[in-house]
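**Q** sequence first, then the predicted structure:
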Amino acid sequence: MKINKIPVEQALDVLDAHIASIGTVTEWGWHLGYSRSYFSIRFREVFGREAVRLLIQAKFELAQQILQKSPDISSKDLAQSAGFSNSRALRRFLRNNYHMNLTQFREMSLGLPDPIE
């Protein structure tokens, strides 16, 4: 079975269309028909930055948009809507990439004042 390959130049369009189902650079590469390593190399050549950095930023922004549209959304539903396997995966993502917990993320995303101030 031959896989139709989509040009790497269209990677951002593919990410926009499938962001909730793309959790890793490997999955992103698969959507385009490439291995993770080839996709990562070509992505950096074409866009001048690492695919993983852009994916992290896009997932963060998606979660923010969902939260802003539905401020009372549960952690579980927020995680699922943003393409994380569960709320624990979302919490780990925020902690590892942005050094914040889910409460801090909610407050920042919704523009809520810091309760300590």
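**A** Okay, I see it.

**Q** just the helices in this protein please.
**A** Counting by DSSP state H, residue ranges of the helices within the chain are 11-18, 25-32, 36-47, 51-69, 75-81, 87-98, 102-110.

**Q** and Ala20, how many neighbours?
**A** A total of 14 residues lie near Ala20 under the criterion other C-beta atoms under 10 Å. Just so you know, the C-beta spots here come from the backbone N, C-alpha and C atoms, and that holds for glycine as well.

**Q** same thing with Arg92?
**A** Residues near Arg92, counting by other C-beta under 10 Å: 12.

**Q** do the same with Arg106
**A** 18.

**Q** please report how far it lies from Ser74.
**A** As judged by C-beta to C-beta, to the nearest Å, Arg106 and Ser74 stand 11 Å apart.

**Q** low-confidence regions, the chain specifically.
**A** Within the chain, the ranges that satisfy pLDDT under 70 run 1-4, 112-117.

**Q** of all the helices of the chain, which one comes closest to Lys5?
**A** Lys5 sits nearest to helix 25-32 of all those, at 6.5 Å, using C-beta to C-beta.

**Q** now that closest one: buried residues?
**A** Applying a neighbour-count criterion of 16 or more other C-beta atoms under 10 Å, the buried positions in helix 25-32 are 25, 28-29, 31-32.

**Q** same deal with stretch 8-18?
**A** Applying 16+ other C-beta under 10 Å to stretch 8-18 flags 8, 11, 14-15 as buried.
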